[in-house]
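dropping a prediction and its sequence here:
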Amino acid sequence: MNQGPTIFLGVFLTFASAWLGLVVAPYVQLEAQRSQNAAKVDAPPETPMEGLPAQGRQVYRANGCVYCHSQQIRPENFGSDIARGWGPRRTVAQDYVGERPVMLGTMRTGPDLANIGTRQTSAAWHHLHLYNSRITSPGSIMPRFTFLYEQHQVVGQRSSAALTFPPEWDVKPGYEVVPTNEAKALVAYLLAMDRSRPLEEPGP
Amino acid sequence: MSEQTISIAQTESQRQAFARQRAAIDASARWPVLGFFTGSVVWLLIGTVLALLASIKLHSPEFLDGPSWLTFGRIRPAHLNTVAYGWASQAGIGVTLWSMARLSRTELRYPRLLMFAVLLWNIGMLVGTIGILAGEGTSIEWLEFPAFAPPFFALAFAIVTVSTMVTFSNRREPHVYVTQWYLIGAVFWFPWLYTAANLLVIYAPVSGVSQASINWWYAHNVLGLWMTPIGVGSTYYLLPKVLGRPIYSYQLSLLGFWSLALFYNWAGVHHLIGGPIPAWLITLSIVGSVMMLIPVITVAINHHMTVLGSFRQLRYSPTLRFIVFGAMSYSAVSIQGSLQSLRTINEVTHFTHYTVAHAHMGAYAFFTMIMFGSIYYIVPRLTGWEWASGGLISFHFWSTSVGVLVYFIALTFGGWYQGLDLNRADVPFMTIVRNTLPYLQIRSWAGMLMAAGHLAFAALFAMNLLHFGKQRSGPTLFFDRPDAATLTVIGDAPGRTV
């Protein structure tokens, strides 16, 4: 008996069923939800980030922040995301419209960042933390992103963008550390991260 | 059905005819299969270095930091992609091509085109890996290669699929063996998955969280519909061959295959439990994950009953030892996976190192170990040269098996405690970070043990390719057997490693 066609057909149909269920159906549902939202007068903008924060998202992507930081808040009775103060409500599909890439994350070696812009509002803190997280957060195992900063000799006036270190962490006398454009963009992105807008109705 | 129709040599002249046929098949597969295997061994070593770097950085964050390309967030995806596509996939393709040709009793088709596929695949690996380290990675898990790399893989894969299917459709053996079903599934499913996921997430991204659901539909299926069918398929082929007895139940193997095809497809979105996607989607994936118990238990019974009574063979056969270890890990990791997809357990384990342990149990303790065993079987038949040292194979086995078990146990416990603490809002975050450090350090030591095993394996592989050392008269086994020189595997040449 020639089983070739039977196997091939079975392999095709089983795969196609899941493709319709897990890829096509949610796509259709989420697109329908999106067009409903767009029709509302007070709907949130489709592209919430432009300019510097949008560039910062690409710095976040390039350096793989997603491998330790999630950007999603689980519901109140599931985990302790809300109790930890990571956000006032669970995040919903609407919160991610227009993001490219969507970086929900699957790991919390570091804390969730879904609302980091509302939790830590100081750009100076973020710069110090990125330069060396042990300065602001003793015990942290985050990498140092020193390659996003330039250290050079102070010539005349100190740069206004230069990082201000606590005395025990200061760089060589006569030198200063200034953020590159990438660092500025990344911090702008972190400060813009806010998924706390109240919802009209519970999410999906 | 047709299980009674397998062609078995009855007379001496038939035996000789089959031996000639076998030699012709091995000759046709020699260069493409050795090409994919060579690529896989090189990327295994690169992936291992990246793994150690990433592991050490997680407990000693200032280890080798400075340049952007050495930052954890680039090294980690570079590790995943080199081992998943460089090592596991190339080893899997080599095993697929050889097994399909042997089981179809016909020469492997388009060997020259397959050599071109080896080249394409490895160029894709090189530019993709450099891309990730240079900051062009996509940060979409399992699809991190920047947009310029996937076409290389898609084209190489098209060649592999066409060659496998044409070889199969020219089969001289009327009986289609269960391994062939799995391999047909693998070479058909993966290209569809890979192309669809890249198109919808990288090239023309769909909006919002649909990206995430497609991402995890893809990522879990790399394990479920690509590595698993090859790993299980190769076990189904080599167990009976080495043991010299047929597989326990043909009906069970049917049930195992079709239930896997039906349920594994649906499992992936359990990676987003608690996330901002429609609840029905997650529930459906949990159902798919739990239903996976059917194929897993079916396959476990079938494999176990086949080996039952022959466990002493594990003492001699390198192939058998790696494959039995892999097959047992498959049952363990799959049952664990079904449990882990339940909301109550996932609430703890999601976002922790527990998941990392689980992933290594699947991709390493299951799939990689079966690939090691398969390569030990296949390569001497292609090169006509025996493995240089049974002792070195033994070192490879013990360092990798002990290494991955220590790895798994350390991160499973570390991850579980991490998850329990994360769910208690009164435990400060930095306390959790501090508490996981010892487990992460143990993981690095376990990783070094596995790396030592990989070095032994790579050395053995290189020595075999180069015909290094003195020629052996019999198979390379762990211990001498009185009948070693005449040890004959069902349907295979005598005197080779089993």
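Alright, I've got the coordinates. For clarity, every value in this text was computed on a predicted model and none was experimentally measured.

the residue nearest to B:Thr161 when sequence neighbours are not counted: helix or strand, and which one exactly?
By the measure of CB to CB, 6 or more residues apart in numbering or on different chains, the closest residue to B:Thr161 outside its immediate chain neighbours is B:Val187, 4.5 Å from it. Backbone N, C-alpha and C define where each C-beta goes, glycine included. Using DSSP states H and E, B:Val187 maps to helix B:178-198.

what do you get for A:Gln33?
Secondary structure from DSSP H and E places A:Gln33 in helix A:25-39.

check A:Thr6 too.
With elements taken from DSSP H and E, the one containing A:Thr6 is helix A:4-19.

which of the residues in that helix are buried?
With burial defined by 16 or more other CB atoms under 10 Å in any protein chain shown, the residues of helix A:4-19 counted as buried are A:4, A:7-8, A:10-11, A:14-15, A:18-19.

quick revisit: buried ones in whatever helix or strand comes next after the helix holding A:Gln33?
Where DSSP H and E defines the elements, the next helix or strand beyond helix A:25-39 is helix A:51-62. Taking 16+ other CB under 10 Å as the neighbour-count basis, helix A:51-62 is seen to contain the buried residues A:52-62.

restrict those to those near chain B?
Of the residues in those, proximity to chain B by CB under 8 Å from any CB of the partner chain holds for A:60-62.

ok, of these, which one's closest to B:Lys241?
Closest to B:Lys241 out of those is A:Arg61 (47.1 Å), distances taken as CB to CB.

how many residues are close by the spatially closest residue to B:Gln180 that is not a sequence neighbour?
Spatially, and ignoring its direct neighbours in sequence, B:Gln180 is nearest to B:Leu103 (5.3 Å; CB to CB, 6+ apart). As a burial measure, the neighbour count of B:Leu103 was computed by other CB atoms under 10 Å in any protein chain shown and equals 23.

B:Leu103 contacts B:Trp181, correct?
No. No contact is recorded between B:Leu103 and B:Trp181 when judged using CB atoms under 8 Å, the distance being 10.4 Å.

and the nearest residue to B:Thr71 once chain neighbours are set aside, how far from B:Val176?
In this structure, B:Thr71 finds its nearest non-sequential neighbour in A:Pro143, 5.1 Å apart by CB to CB, 6+ apart. When distances are taken as CB to CB, to the nearest Å, A:Pro143 and B:Val176 turn out to be 52 Å apart.

between those two, who's got more neighbours?
For A:Pro143 versus B:Val176, neighbours defined as other CB under 10 Å are more numerous around A:Pro143 (26 against 21).

may I have stretch B:111-127 exported as PDB, CA atoms only?
These are the backbone C-alpha positions of stretch B:111-127, laid out as PDB (Å, rounded to 0.1, in the frame of the first residue of the first chain):
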ATOM      1  CA  PRO B 111      23.800  15.500  -3.600                       C
ATOM      2  CA  ARG B 112      25.500  18.400  -5.400                       C
ATOM      3  CA  LEU B 113      22.600  20.700  -4.800                       C
ATOM      4  CA  LEU B 114      22.700  19.600  -1.100                       C
ATOM      5  CA  MET B 115      26.300  20.600  -0.900                       C
ATOM      6  CA  PHE B 116      25.200  24.100  -2.200                       C
ATOM      7  CA  ALA B 117      22.600  24.000   0.600                       C
ATOM      8  CA  VAL B 118      25.300  23.300   3.200                       C
ATOM      9  CA  LEU B 119      27.200  26.400   1.900                       C
ATOM     10  CA  LEU B 120      24.000  28.600   1.900                       C
ATOM     11  CA  TRP B 121      23.100  27.400   5.400                       C
ATOM     12  CA  ASN B 122      26.500  28.200   6.800                       C
ATOM     13  CA  ILE B 123      26.700  31.600   5.100                       C
ATOM     14  CA  GLY B 124      23.300  32.400   6.600                       C
ATOM     15  CA  MET B 125      24.700  31.300  10.000                       C
ATOM     16  CA  LEU B 126      27.800  33.500   9.700                       C
ATOM     17  CA  VAL B 127      26.100  36.700   8.600                       C
END
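
which outside residues touch it?
With CB atoms under 8 Å, 6 or more residues apart in numbering or on different chains as the contact definition, stretch B:111-127 has outside contacts at B:28-29, B:31-32, B:35-36, B:39, B:43, B:82, B:85-86, B:90, B:93, B:97, B:108, B:145, B:148-153, B:155-157, B:159-160, B:163.

off-centre distance for it?
Its chain's C-alpha centre and that of stretch B:111-127 lie 19 Å apart, by CA atoms, centre = their mean, to the nearest Å.

what's the answer for stretch A:105-124, then?
Relative to the mean C-alpha coordinate of its chain, stretch A:105-124 is positioned 8 Å out (CA atoms, centre = their mean).

endpoint to endpoint, it covers what distance?
Across stretch A:105-124, the straight-line distance between its terminal residues is 26 Å, by CA to CA, to the nearest Å.

quick check: mean pLDDT of that stretch?
The predicted model gives stretch A:105-124 an average pLDDT of 97.

do stretch A:30-40 and chain B meet?
Yes. In this structure, stretch A:30-40 sits against chain B according to CB under 8 Å from any CB; the contacting residues are A:30-31, A:34.

for PyMOL, what selects the buried ones among those residues?
Typed into PyMOL, the line below selects the buried ones among those, using 16+ other CB under 10 Å:
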select buried, chain A and resi 30+34
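
and which of the residues of stretch A:30-40 next to chain B is nearest chain B?
Closest to chain B out of the residues of stretch A:30-40 next to chain B is A:Leu30 (5.2 Å), distances taken as CB to the nearest CB.

my guess is the closest one contacts B:Gly208. True?
Yes. Assessed by CB under 8 Å, A:Leu30 is found in contact with B:Gly208 at 6.4 Å.

thinking again about what came up before, which elements pack onto the helix holding B:Val187?
Helices and strands in packing contact with helix B:178-198 are listed as helix A:4-19, helix B:89-104, helix B:150-169, helix B:210-221, helix B:228-243, helix B:250-263; criterion 3 or more CB pairs under 8 Å, 6 or more residues apart in numbering or on different chains; DSSP states H and E.

please state the offset of the second one from the chain centre?
What that stands for is helix B:89-104. Between the centre of helix B:89-104 and the centre of its host chain there is 13 Å, according to CA atoms, centre = their mean.

swap in the fourth one?
With CA atoms, centre = their mean as the basis, the distance from the averaged C-alpha position of helix B:210-221 to the chain average is 19 Å.

okay, it in PDB with CA atoms only?
The C-alpha trace of helix B:210-221 is given here as PDB (Å, rounded to 0.1, in the frame of the first residue of the first chain):
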ATOM      1  CA  SER B 210      -0.300  39.200  17.100                       C
ATOM      2  CA  GLN B 211       3.500  39.400  16.600                       C
ATOM      3  CA  ALA B 212       3.900  37.700  20.000                       C
ATOM      4  CA  SER B 213       1.400  34.900  19.400                       C
ATOM      5  CA  ILE B 214       3.000  34.200  16.000                       C
ATOM      6  CA  ASN B 215       6.400  34.400  17.600                       C
ATOM      7  CA  TRP B 216       5.500  31.700  20.100                       C
ATOM      8  CA  TRP B 217       3.600  29.600  17.700                       C
ATOM      9  CA  TYR B 218       6.800  29.500  15.700                       C
ATOM     10  CA  ALA B 219       9.300  29.200  18.600                       C
ATOM     11  CA  HIS B 220       7.700  26.300  20.300                       C
ATOM     12  CA  ASN B 221       7.100  24.500  17.000                       C
END
